[in-house]
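A.B. asks: Output the structure for:
(one chain, ligands or ions: 1)
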Amino acid sequence: MMMVALLLVLAGVIWMRSVGLPRIPLSHPEAAEQPMVAPAAKQLEAPQPIAIDRTAQVVVLGYHRFVEKVRRPDTEITPADFEAQMKTLKAKGIEVISLADFAAWRRGEKSIPPASAIIAIDDGYRQAYDVAWPILKQLGYPFAVFIYTDYVRGGPKSGGGSMSWEQLAELRDAGVEIESHTISHADLTHRKTAPNGQDYETWLWKELAGSKALLEQKLGIKVTAVALPYGRSSETVREVAARAGYEMIFTVNGGKLGFDTPPDALGRFMLDSSKPKIFSTAIAFDRGGSDGTATAIPSQLLDLQPADGAMIRELRPLIRANLNPFGAIETDSVALRISGIGTVPAAFDPGTGVVTSQMSQDLRPASYTAIVSARVDGRKLEARWQFTVESSNRAAGSIGSP
Ligand SMILES: [Zn+2]
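C.D. replies: Numbers count the residues shown, from 1 in each chain. Next up, the predicted model:
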């Protein structure tokens, strides 16, 4: 048994290296052996503009227990059904990403695929270790476990089904993200839950900050996310969780997560074996463009020239937009249109992500709408903005005054 476990760990480590999953900094015992030169050398490289697709969508799939015989469909799934769901993601072109990828994307530091999923396993049942981990490992999927610390083996609420701290450490070493699900798993909005006359906010702080601190100290990690028990949330709960240092606060209210979804109300789809529709809804991504409609990109992201709303005097202005926020643009798909004129010749530089067009005919004094569009991963994206060409005989003093 020990031998098998050891082999699994070894396989996990080798697999992790081969697919290049992000290592958890400093928490890994081998971190000290990493050559110190590499990171320093990296900093010397010129910073590259990162193409980030801000229209990507992320779905979080939440699971609890993995059992051959389902008695509680709301929290249990058979290993075969779980594996089938995981393979469906691959078949549908939905890429599984880590919480760290999700957070980095939202900080503007890296791009993620347009349809992404995060796998979350709640509570700390050892089936996450015994059953789910081998399946996810095989598929090369990262995942996160949300632990309520009272349930870890040896804790006041633990039982035969609990994971141990040693098992959690093995998951950590394999790159699995370990996050908080509070200490006691009580409904945090329920003020009466605070034991024996304890002040509600003191208790809340313990549940949120205390579970984070315990996981961090026991495992030598940084905990960045909390899954609120039963998804129950209130303004006070969100405020205390943010103060406790959580970057991501998850509930259970489904929904696709986007670049701008509030970090303290990140919904998750909790799977239910008796309701297959939850899974099918979760993995139905709206990939704009299949019906010809374009997904709008906010124009303020594009470093526009003329700026949105600008009043200009030049009759032959240079039109310019930085399309990096679109993501990886397909060659020759960039088009620029000006109202009253139509498509204008535009030069797109894939290196800088900048599209420019020098007007070769005079624009008559009027307001213009510019529309820039491009295809990214088969989807059509577009942004639009407006500018006004002013009549040159207007008094100079009036320009730009609102
Ligand atoms: Zn739970």
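A.B. asks: C-alpha only now, for contacts and for neighbours.
C.D. replies: OK.
A.B. asks: In three-state terms, label the residue nearest the centre of the chain for me.
C.D. replies: Nearest residue to the geometric centre of the chain (CA atoms, centre = their mean): Phe102, 2.4 Å. Assigned with DSSP: H, G, I helix; E, B strand; the rest coil, Phe102 falls in the helix class.
A.B. asks: distance of it from Gln85?
C.D. replies: Distance, Phe102 to Gln85, by CA to CA, to the nearest Å: 21 Å.
A.B. asks: any idea how far Tyr141 is from the residue nearest to Gly155 when sequence neighbours are not counted?
C.D. replies: Using CA to CA, 6 or more residues apart in numbering and skipping residues adjacent in sequence, the residue nearest Gly155 is Thr149, 7.1 Å away. Noted for Thr149: a distance of 25 Å to Tyr141, by CA to CA.
A.B. asks: again, but for Ile112
C.D. replies: Taking CA to CA, one finds Ile112 at 14 Å from Tyr141.
A.B. asks: Compare those two (neighbour count), which wins?
C.D. replies: Neighbours per residue, other CA atoms under 10 Å: of Ile112 and Tyr141, the larger number sits with Ile112, 23 against 20.
A.B. asks: So that one lies in a helix, does it not?
C.D. replies: No: under three-state DSSP, Ile112 falls outside any helix and is assigned coil.
A.B. asks: what about the nearest residue to it once chain neighbours are set aside, how many residues close to it?
C.D. replies: Leaving aside its chain neighbours, Ile112 sits nearest to Trp105 (6.6 Å; criterion: CA to CA, 6+ apart). Counted with other CA under 10 Å, the neighbours of Trp105 add up to 19.
A.B. asks: and what of Glu390?
C.D. replies: The number of residues packed near Glu390 is 19, by other CA under 10 Å.
A.B. asks: end to end, how far does stretch 317-331 reach?
C.D. replies: Note: stretch 317-331 ends 25 Å apart using CA to CA.
A.B. asks: buried set for that stretch?
C.D. replies: Buried residues in stretch 317-331, counted by 16 or more other CA atoms under 10 Å: Pro317, Ile319, Arg320, Ala321, Asn322, Leu323, Asn324, Pro325, Phe326, Gly327, Ala328, Ile329.
A.B. asks: With pLDDT and distance to Ile297 added, can I get those residues in CSV?
C.D. replies: Below are the buried residues of stretch 317-331 laid out as CSV (pLDDT from 0 to 100; distance: CA to CA, whole Å):
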residue, pLDDT, distance to Ile297
Pro317, 93, 23
Ile319, 94, 17
Arg320, 94, 16
Ala321, 93, 12
Asn322, 91, 12
Leu323, 90, 10
Asn324, 84, 11
Pro325, 81, 8
Phe326, 84, 7
Gly327, 82, 11
Ala328, 82, 14
Ile329, 86, 13
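A.B. asks: out of those, which are inside strands?
C.D. replies: Using DSSP state E, Ile319, Arg320, Ala321, Asn322 are the members of these that sit in strands.
A.B. asks: Domain map for the protein?
C.D. replies: As recorded under automatic domain parsing, the domains making up the chain are 57-282, 295-393.
A.B. asks: By mean pLDDT, show me the worst of those.
C.D. replies: Lowest mean pLDDT within those: domain 295-393, at a mean of 86.
A.B. asks: can you give me how far that domain is from the chain middle?
C.D. replies: Averaged C-alpha coordinates place domain 295-393 at 29 Å from its chain's average position (CA atoms, centre = their mean, to the nearest Å).
A.B. asks: and if you look at stretch 55-67?
C.D. replies: Stretch 55-67 sits 12 Å away from the centroid of its parent chain (CA atoms, centre = their mean).
A.B. asks: try stretch 294-313
C.D. replies: Distance, stretch centre to chain centre, for stretch 294-313: 26 Å (CA atoms, centre = their mean).
A.B. asks: and it, which residues are buried?
C.D. replies: 294-295, 297, 299, 302, 304-308, 310-313.
A.B. asks: okay if I get these as TSV plus secondary structure?
C.D. replies: As requested, the buried residues of stretch 294-313 are arranged in TSV below (three-state DSSP):
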residue	secondary structure
Ala294	coil
Thr295	strand
Ile297	coil
Ser299	helix
Leu302	coil
Leu304	coil
Gln305	strand
Pro306	coil
Ala307	coil
Asp308	coil
Ala310	strand
Met311	strand
Ile312	strand
Arg313	coil
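A.B. asks: got a list of what the residue lying closest to Thr75 once chain neighbours are set aside touches?
C.D. replies: Nearest residue to Thr75 in three dimensions, chain neighbours excluded: His64, at 5.4 Å (CA to CA, 6+ apart). Contacts for His64 (CA atoms under 8 Å, 6 or more residues apart in numbering) come out as Thr75, Glu76, Ile121, Asp122, Asp123, Tyr125, Ala128.
A.B. asks: okay, now Glu207: neighbour count?
C.D. replies: Neighbour count of Glu207, defined by other CA under 10 Å: 25.
A.B. asks: where does it fall, phi/psi-wise?
C.D. replies: Torsion angles at Glu207 (phi, psi; degrees, to the nearest 10) stand at phi -60, psi -40.
A.B. asks: Pull the contacting residues for it.
C.D. replies: Neighbour list for Glu207: Thr182, Ile183, Ser184 [criterion: CA under 8 Å, 6+ apart].
A.B. asks: just to revisit the earlier point, quick check: the residue nearest to Thr75 vs Arg107, distance?
C.D. replies: 29 Å.
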